[in-house]
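Enquirer: Sequence and predicted model, in that order:
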Amino acid sequence: MKTKYTNMSPLDIRIAMLRAGVGQAALARELNISRTAVYLVIEGKSTSHRVREKIAEAIDMDIRRIWPATYLIYGGPRKRGRPVALDGRRAA
């Protein structure tokens, strides 16, 4: 049986941030990035390992629990560059 991992919804992430007393603007200031960048990561429209780590730290939750599809299936964020085929060779 296949196990399907689903990421936390953006609403759940925001609720966890509110409970922890952390806002998106505060995270953006700490990371020296725009508030929009934090918003896009929470919405899943952009990826940033650094921002995801900061969110997980702020809400005191394991990053693999928030984004299991990325960190449990792929073992972490994908690297930039040419994609790698499943057999380990470079894709053409």
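Expert: Structure received. Numbers count the residues shown, from 1 in each chain.
Enquirer: what about the protein, any weak spots by pLDDT?
Expert: Where the chain drops to pLDDT under 70, the residues are 1-3, 74-75, 77-92.
Enquirer: Could you rerun that using 80?
Expert: Across the chain, the ranges flagged by pLDDT under 80 are 1-5, 71-92.
Enquirer: which residues sit in contact with the most centrally placed residue in the chain?
Expert: Central residue of the chain (CA atoms, centre = their mean): Arg52, 4.1 Å from the mean position. Arg52 sits next to 41, 63, 66-67, 77 when contact means CB atoms under 8 Å, 6 or more residues apart in numbering. Bear in mind the C-beta positions are built from the backbone N, C-alpha and C, glycine included.
Enquirer: Likewise for Tyr39?
Expert: Gln24.
Enquirer: The helix or strand encompassing it: which residues count as buried?
Expert: When elements are assigned from DSSP states H and E, Tyr39 belongs to helix 35-43. The neighbour-count check on helix 35-43 (16 or more other CB atoms under 10 Å) flags 37-39, 41-42 as buried.
Enquirer: and of the residues you listed, the nearest to Ile73?
Expert: Of all the buried residues of helix 35-43, the one sitting nearest Ile73 is Val41; the distance, using CB to CB, is 18.3 Å.
Enquirer: Check the gap between Val38 and Leu72 for me.
Expert: 23 Å (CB to CB, to the nearest Å).
Enquirer: ugh, wrong one, Ala16
Expert: When Ala16 is compared with Leu72 (using CB to CB), they lie 19 Å apart.
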